[in-house]
Every structure is written in C-alpha cells, then in structure tokens.
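Trainee: Test case, fold it:
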Amino acid sequence: MLSTPLDRHCADESRLRPEIHNLQMTLVEWRRHLHQHPELGFKEVQTAEFVSKKLQEWGVEHQTGIAKTGIVATIRGSKPGPVLAIRADMDALPIQEENEVSYRSRHDGIMHACGHDGHTAIALGTVYYLSRHRDDFAGTVKFIFQPAEEGPGGAQPMIEAGVLENPRPDAIVGLHLWNNLPLGTVGVRSGPLMAAVELFRCTIFGKGGHGAMPHQTVDAIVVGSQVVQALQTIVARNVDPIESAVVTVGEFHAGSANNVIAGKAQLSGTVRYFNPKMEDLIRHRFAEIIAGVCHSHGARYDLDYWQLYPSVVNDRAIADLVRSVAEHVVETPAGIVPKCQTMGGEDMSFFLQEVPGCYFFLGSANESKDLAYPHHHPRFDFDETALGMGVEMFVRCVEKFCS
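Mentor: Next up, the predicted model:
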C-alpha cells in the first residue's frame, strides 16, 4: 500500500501557535490509529479505551461508559468562571474503505468515512493543550466524546444520562471536518446550519391479480406511484418558497412477476427542513396526501413517520464568538464562509436545544492531493493539516469564552 505523506508546508499552519503546530504530527498519529480501528455506533469500545488511556496519562478527570461508550472529561482553569462544553463524535460507518493508504481500515466493512476520527483527535489535542495551560483560562471545560452520531444517535442518551449536569455548561461548541469546503476555511453562521432529519415508511395495501384483468384489482404500484408524485407537492405548494425543504422517496418495493398486478407496495424515505416550525406542517400534509390518494383508489395504507434529529440551530452570540476566533486562524475575509448550510443532519442538535452553542464546519478538502471525496464515500479522506487548525479553533474558543 501507498503511504500518504504529511504536508507540513500549508500556509495556514503559520497561524497556529508554536505548541499546537508542534503537536500536529501527534494529532496525525492519533487520527490514523483511530482510522485503522473504526467502530460502529455504541460499539466504540477500542476508541473509548484509547481516549480514556490518553486522559489517564495526562491526569485529566473523566467518566467512561456514559450511554454505553461515551466519555466526559473535565478540565478546570486557574480560577472560577463559566463552563464551556466541547463535543466530538467517535463512531464510524458501515462502508468498505477503498483508499490504498498505510492507515486504511483494518475492519472489513467499517470505515471512518465522515471524519469522526479527526474530530476525536482534535478534541484530544485540545484536552492535552488545555491540561498544560490551566492558567490561561477561568472556569471549566467539559469534553463530550459521543458515540453513535451516525445513528441511532448518541447525543440524546448522553443528555438523559446527565452529561450536561454537574456542572451545567453555559455554552457548547463543536466542529465537523468538511470536505465541501477547502482547507483553510471555516463555515460558521448563526441560526439554522443543518436540517432536521425525519424518516418515513409507508405500506400500501391494494388487491393483487392477473396483469390481463386489471379491473379485478387495486394496483398498489399505480397507487404508490401517485403517492410519490403527490408528496412532491408538499414542497412545491405547501412550503413557503423562501424556506427550504426536501421530500425524498428513497425506496419503492413492489411486485413479484411481470404478469401480476401487485397487491402491496412499500415506500420509505426522508424529509429535511431547517425551520422547526415546519415539522407539524409537513407531517400533517404527509398523512393527508397518502390518505387521500389511497382512498381515491380504494386502497389502504400503514404509515410510520418519525423524527430522527431536529435541525441544528446556532446561537447568535456563540456563533459570533466562533467567527471572531476564526479570524485568527484562517485568512479573512475569504476564509470565513457564512453560506454553509446543508440538508445533512446531525444530533449535535439535541445539545443545542439544551444549551446555547455553535456547530461549525472546518474546511478539510484539498483537490491537489486528491483529498476531496464527499462524506460517506468509500474513498473519503481529508487534509490532516486541518487537525491542528481544529485544536487552535477550540483553544481560542475556550480562551475567549472563559476569560
């Protein structure tokens, strides 16, 4: 296999303080170790052990086994002050890696294809730095190493386990390495950043029969096809055109032979939107449309519709803090990208419903190194120069918020 060399000549590294710049090689080592040993949600046993071992070595107070594999670490500054939480997710995806690199996944069918290995390494680097610079900030920093962001979601179970108590954070920040932005940029904005994620399953029950005798049947494929088309009118005709929303039917299963009219069709998909006020509207119209189409054809249906994650909504004051910090880490103004919304979802949203905070994107793509594949792609990888930049961002957030 080919080994990807470390690039130590990126201009953005000059904006890192010397101690974090010198930590870059170690950050890469940690990230590559985690990349080689990916684990799925709530199964991050080795990952949690790796994190806990580092925390023990540095004498950092922490708790393990929260929501199965989650960890919370606490660092107190030199004097009393506010509490800032920093969140990093640890889980990987059920994807077979196709990268031919020395640090490729050693676990068949599992891969860090979204950058969570980098998130964990950045959080560890921030812990390491702050544990040696307690005199540089007041108050407390809580590090939340979270399992299962990719599903079924580890944020809510950690909250239910009391991760936001004793002490309760005054604010929370988190980042996502983002291959939709180039290295040397930070995507930050107040208000909605990522979409709510809702899922649905619908089974349509018609009446099967012979393909040559349609008058004796209720064709579930015809009914299902009309449902798919009609659902698109929710965005086209019910959602304010100033708002953004998506209705996607991702699966349609029906039929068993070319001369048999299907008596059952199964549909499933996802709904995305930014504005929390749209939740009731879309859910209500979903049920109305499916009921109306099925009734018009004499079919029955069974609908399951549920929310996986609410939308990620950033607090204005904390987003302004992150933006001001970014001005010291990336070239401005081009390096700060406010138009960075995505219909992707994130369970960081649950933390942001409880505590004011900001989730932001740290650009990590580098076309010149062929490091620009999209997230969840089997060849996803990122420019590791972003690791040191992430630590610098978090450290500066702490220093400014806990001053």
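
Trainee: Now residue 143: closest residue in space, sequence neighbours ignored.
Mentor: What sits nearest to residue 143 in space, not counting adjacent residues and going by C-beta to C-beta, 6 or more residues apart in numbering, is residue 73, at 4.2 Å. Placement of C-beta: from N, CA and C, glycine included.

Trainee: For residue 193, see how far away the most centrally placed residue in the chain is.
Mentor: The centroid of the chain falls nearest to residue 346 when counting by C-alpha atoms, centre = their mean (3.8 Å). According to C-beta to C-beta, to the nearest Å, residue 346 stands 8 Å off from residue 193.

Trainee: Same question for residue 246.
Mentor: 16 Å.

Trainee: Can you name the helix or strand that residue 152 falls in?
Mentor: Under DSSP states H and E, no helix or strand contains residue 152.

Trainee: List the contacts of the residue nearest to the centre of the chain.
Mentor: 149, 176, 194, 309, 312, 359 (C-beta atoms under 8 Å, 6 or more residues apart in numbering).

Trainee: ok, now residue 252?
Mentor: Shown in contact with residue 252 (C-beta under 8 Å, 6+ apart): 224, 228, 265-267.

Trainee: burial count for residue 167?
Mentor: Counted with other C-beta atoms under 10 Å, residues neighbouring residue 167 total 14.

Trainee: Just read off the phi/psi values of the closest residue to it other than its chain neighbours.
Mentor: Counting by C-beta to C-beta, 6+ apart, residue 83 is the residue found nearest to residue 167 once chain neighbours are left out, at 4.8 Å. Backbone torsions for residue 83, taken as degrees, to the nearest 10, come to phi -120, psi 120.

Trainee: who's residue 83 bridged to?
Mentor: Assessed by DSSP bridges, residue 83 has beta-bridge partners residue 140.

Trainee: my guess is it contacts residue 143, does it?
Mentor: No. The pair residue 83 / residue 143 is not scored as a contact, 11.8 Å apart, by C-beta atoms under 8 Å.

Trainee: before we move on, back to that, can you give me the distance of the residue nearest to the centre of the chain to residue 310?
Mentor: 10 Å.

Trainee: and for residue 346 and residue 193, which residues touch both?
Mentor: Taking C-beta under 8 Å, 6+ apart as the criterion, residue 346 and residue 193 both touch 312, 359.

Trainee: For the host helix or strand of residue 143, output the C-alpha coordinates as PDB.
Mentor: According to DSSP H and E, residue 143 maps onto strand 140-146. The C-alpha trace of strand 140-146 is given here as PDB (Å, rounded to 0.1, in the frame of the first residue of the first chain):
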ATOM      1  CA  THR A 140     -14.400  24.700  33.400                       C
ATOM      2  CA  VAL A 141     -14.200  22.900  30.000                       C
ATOM      3  CA  LYS A 142     -16.200  19.700  29.600                       C
ATOM      4  CA  PHE A 143     -15.300  17.500  26.700                       C
ATOM      5  CA  ILE A 144     -18.000  15.200  25.400                       C
ATOM      6  CA  PHE A 145     -16.800  12.200  23.400                       C
ATOM      7  CA  GLN A 146     -20.000  11.000  21.900                       C
END
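
Trainee: which other residues reach that strand?
Mentor: With C-beta under 8 Å, 6+ apart, strand 140-146 has contacts from 48, 51, 62, 67, 70-77, 81-90, 120, 123, 126-127, 130, 154-155, 158, 163, 167, 169, 351, 398, 402.

Trainee: are any of these buried, and which?
Mentor: Taking 16 or more other C-beta atoms under 10 Å as the criterion, what is buried in the contacts of strand 140-146 is 48, 51, 62, 67, 70-77, 81-90, 120, 123, 126-127, 130, 154-155, 158, 163, 169, 351, 398, 402.
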